[in-house]
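[1] using only what follows, build the 3D model:
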Amino acid sequence: MVFVLDKHKKPLMPCTPRRARLLLEQKRAVVHQLSPFIIRLKDREVATCTLQPVVLKVDPGSRITGMALVRVEGMPDAEVHHALHLAELAHRGEDVREALGKRATRRRRRRPALPATAFRQSTKAQGVVAPQPAQPHRQCADLGQTISAVGARLAH
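    Numbers count the residues shown, from 1 in each chain. Presented below is the predicted three-dimensional model:
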């Protein structure tokens, strides 16, 4: 998906990379920004174009969060969503847990061995549950803010 601006730098509907390449070859567009890749059309204005509503859909998961940028098409009986861009966000929770486990193992190797009686008193309190990390929700919020910021930059 390639973001598109009109000649006054107002956002238009995104297009495919193939269409963007053709527009650039025909000299109807110029590269406005490289990351994310944005082109600016030389011969279009927002007033002459028909824009469709675009919505960001989020599917939060425990290990991976799915995101989709969809175009909403209103039908007489229901709304139809057409995917413009799909993305997956892998949470770092499992990687952090593995890294902490490795660090703890290395730390244990440096310590001298203790007698077995030293571990008898250490028990977990009954009914205590470990807190759940808020990391996946923060990552989703950060990515949503980034996408919103790109949309806001396109609007200016």
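[2] Asp59 contacts Met67, doesn't it?
    Yes - here Asp59 reaches Met67: they are 7.4 Å apart, a contact under C-beta atoms under 8 Å. All C-beta spots, glycine's among them, are computed from the backbone N, C-alpha and C.
[3] I'd like the average pLDDT over stretch 26-46.
    Mean pLDDT, stretch 26-46: 93.
[4] check the burial of Met75 by counting its neighbours.
    7 (other C-beta atoms under 10 Å).
[5] distance of it relative to Cys140?
    Between Met75 and Cys140 the distance is 29 Å, computed by C-beta to C-beta, to the nearest Å.
[6] swap in Leu86?
    From Leu86 across to Cys140, the span is 15 Å (C-beta to C-beta).
[7] settle it for me: which of those two has more neighbours?
    Using other C-beta under 10 Å, the more surrounded residue of Leu86 and Cys140 is Cys140, with 18 against 12.
[8] check whether that one sits in a helix, strand or coil.
    Recorded secondary structure, Cys140: helix (DSSP: H, G, I helix; E, B strand; the rest coil).
[9] next one: Ala83
    What three-state DSSP gives for Ala83 is strand.
[10] quick one: it and Met67 touch, right?
    No - with contact defined as C-beta under 8 Å, Ala83 does not count as touching Met67 (10.6 Å).
[11] between those two, point out the one with more neighbours.
    More crowded of Ala83 and Met67, by other C-beta under 10 Å: Met67, with 18 against 11.
[12] excluding chain neighbours, what is closest to that one?
    Computed as C-beta to C-beta, 6 or more residues apart in numbering, the closest residue to Met67 that is not its neighbour in sequence is Ala87, at 4.6 Å.
[13] distance from the strand or helix carrying the one you found to the middle of the chain?
    Ala87 belongs to strand 79-90 when assigned by DSSP states H and E. Its chain's C-alpha centre and that of strand 79-90 lie 11 Å apart, by C-alpha atoms, centre = their mean, to the nearest Å.
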